[in-house]
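> can you look at this prediction? I've put the sequence above it.
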Amino acid sequence: MNILAIETSCDDTSASVVQDGKNILSNVISSQIAIHSKYGGVVPELASRHHLENINFVIAAALKKAHLRMTDIDALAVTQGPGLVGSLLAGIMAAKTLALLYRLPLIPVNHIEGHIYANFIEHQLKPPFLALVISGGHTELIIQRELAHYQILGRTRDDAVGEAYDKVAKLLGLGYPGGPVIDRLAKQGDPNFVKFPRPYLPGTYDFSFSGLKTSVVNYVSKHPASSVQHLADVVASFQQAVIEVLVNKTIATAQKMKMKKVVLAGGVAANSALRSLFAAKIKNTGIRLYYPSLILCTDNAAMVGSAAYYRSKNKKLKYHQEMLTFKAEPNLQI
Ligand SMILES: Nc1ncnc2c1ncn2[C@@H]1O[C@H](COP(=O)(O)OP(=O)(O)OP(=O)(O)O)[C@@H](O)[C@H]1O
Ligand SMILES: [Mg+2]
């Protein structure tokens, strides 16, 4: 089954053809980082305008790369939410137009479910598992007991972890997005240089990173970065506090909930120090760790195509007009 999937929830315009939920025939991503980086973050109005300019080209490129035409496509999928409303609308309008033109079934997908399903593309993965969703807008511990059945155990009470990376990078003048820059710079730094607080929020499955971010702000206002090495030491110390909390809390939760698999999802799952610490700490626990390859961690349409496939598996999919009535849901919950 060939699904043409579209993802435009934030600042990446992406289209992908995925066969049977696993085989990526194409995954075209047009990044807007160059447009937004000078503002230090995503400007919603600019994002939606650039999606509108790019979407047709990105879809055409995805088909071309897959060596397919629209008549070879069996179904369409598109991100319904969560995300920026203007950005979501650009993808949804494109998907609805194609569905109407080619009389193809259209499957709306939850973006966070997509991040989790990125893991199904490359791994033989079956529920139950504990997912740690760590992205620009989310930090959540979710149990997936069966396909498309989710239990949210905890979430961030303030900043999402990706947001904390981006804000700390902005504060230090390191550019946007902050995660990859901090990941690279921290490799040269001493993670024990500053002992930043570890916000564990004991007795809950929730997270909180805004206090840690404020500690970095306070530290930097007292000790302005004096050299690249000093800057590297500060970001390595910030990152160490973040990843220790994520890793220790996730493993403890998996043990408590008797989960034998832990799945990482979302842009921060690309973080190299996080992956290493997880691998080291999970080693002798009997729990298996899964994460997507780097390109499938951040926003992409292949994950949307995969989620749509598993969502619609065993259902008779046929185009009908009610399929075009769903709306963009900026705050869609999983
Ligand atoms: N190597 C990395 N280390 C840490 N953070 C990273 C890394 N690569 C990307 N990120 C962070 O991941 C975030 C982007 O991830 P993603 O694309 O999943 O978020 P989003 O789509 O904006 O938010 P959401 O998925 O919650 O709607 C950014 O905050 C970015 O800084
Ligand atoms: Mg995302």
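Noted; the coordinates are in hand. Ligands and ions are numbered 1, 2, ... in the order given.
> for ligand 2, what's its nearest residue on the stretch 101-250 of the chain.
Nearest residue of the stretch 101-250 of the chain to ligand 2: Ser135, at 4.5 Å (C-beta to the ion). Placement of C-beta: from N, CA and C, glycine included.
> what is the burial count for Tyr205?
Look at Tyr205: counted by other C-beta atoms under 10 Å, it has 18 neighbours.
> for ligand 2, what are the nearby residues on the stretch 201-334 of the chain?
Counting by C-beta under 5 Å from the ion, the stretch 201-334 of the chain comes close to ligand 2 at Asp299.
> how far away is the residue nearest to the residue of the stretch 101-250 of the chain closest to ligand 2 when sequence neighbours are not counted from ligand 1?
Nearest residue to Ser135, sequence neighbours excluded (C-beta to C-beta, 6 or more residues apart in numbering): Gly266, at 3.1 Å. Taking C-beta to the nearest ligand atom, to the nearest Å as the measure, Gly266 falls 4 Å from ligand 1.
> what segments of the stretch 201-334 of the chain are helices?
210-222, 228-256, 272-282, 294-297, 301-312 (DSSP state H, counting those that start in this stretch).
> check contacts around Phe326.
Under the criterion of C-beta atoms under 8 Å, 6 or more residues apart in numbering, the contact list for Phe326 reads Gln80, Ile92, Pro108.
> let's go with 10 Å and repeat that
By C-beta atoms under 10 Å, 6 or more residues apart in numbering, the residues touching Phe326 are Val78, Gln80, Gly81, Ile92, Lys96, Leu106, Ile107, Pro108.
> then Leu231?
Going by C-beta under 10 Å, 6+ apart, Leu231 touches Leu172, Gly173, Leu174, Leu185, Ala186, Gln188, Gly189, Val220, Pro224, Ala225.
> mark which of those residues are buried, thanks.
Leu172, Leu174, Leu185, Ala186, Gly189, Val220 (16 or more other C-beta atoms under 10 Å).
> just the closest of the residues you listed to ligand 1, please.
Ala186 (9.0 Å; C-beta to the nearest ligand atom).
> give me the phi and psi for the closest one.
When read as degrees, to the nearest 10, the backbone of Ala186 gives phi -60, psi -20.
> just the pLDDT at the residue of the stretch 101-250 of the chain closest to ligand 2, thanks.
What the model reports for Ser135 is a pLDDT of 98.
> ok, back up a step: of the contacts of Phe326, which is the nearest to Val262?
Gly81 (25.8 Å; C-beta to C-beta).
> let me have the helices of the stretch 201-334 of the chain in CSV, extended by mean pLDDT.
Converted to CSV, the helices of the stretch 201-334 of the chain look like this (pLDDT from 0 to 100):
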stretch, mean pLDDT
helix 210-222, 97
helix 228-256, 98
helix 272-282, 98
helix 294-297, 98
helix 301-312, 96
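> single out the most deeply packed of those.
helix 301-312 (a mean of 29; mean count of other C-beta atoms under 10 Å).
> buried set for the helix-or-strand element of the chain with minimal mean pLDDT?
When the helices and strands of the chain are scored by mean pLDDT, DSSP states H and E, helix 33-36 comes last with a mean of 91. Residues of helix 33-36 classed as buried by neighbour count (16+ other C-beta under 10 Å): His36.
> and that helix, what does it pack against?
helix 44-65 (3 or more C-beta pairs under 10 Å, 6 or more residues apart in numbering; DSSP states H and E).
> follow-up on the earlier one: out of the buried ones among the contacts of Leu231, which is nearest to Lys315?
Ala186 (45.2 Å).
> residues touching the residue nearest to the closest one when sequence neighbours are not counted, list them.
Nearest non-adjacent residue to Ala186, counting by C-beta to C-beta, 6+ apart: Ala236, 4.0 Å away. Residues counted as contacts of Ala236 (C-beta under 10 Å, 6+ apart) are Ile182, Leu185, Ala186, Lys187, Gln188, Gly189, Asp190, Pro191, Asn192, Phe193, Val194, Ala273.
> which of these fall within helices?
Ile182, Leu185, Ala186, Ala273 (DSSP state H).
> enumerate every residue touching the first one.
Under the criterion of C-beta under 10 Å, 6+ apart, the contact partners of Ile182 comprise 164-166, 168-169, 172, 174, 189, 232, 234-236, 238-239, 242, 271, 273.
> how is the chain carved up into domains?
Using automatic domain parsing, the domain parsing of the chain gives 2-115+297-324, 126-295.
> does the first one come close to ligand 1?
In this case it means domain 2-115+297-324. Yes. Domain 2-115+297-324 reaches ligand 1 (C-beta under 6 Å from any ligand atom) through Ser9, Cys10, Pro82, Gly83, His111, His115, Thr298, Asp299.
> now the phi/psi pair for the fifth one, please.
His111 has phi and psi values of phi -60, psi -40 when expressed as degrees, to the nearest 10.
> cool, thanks, signing off.
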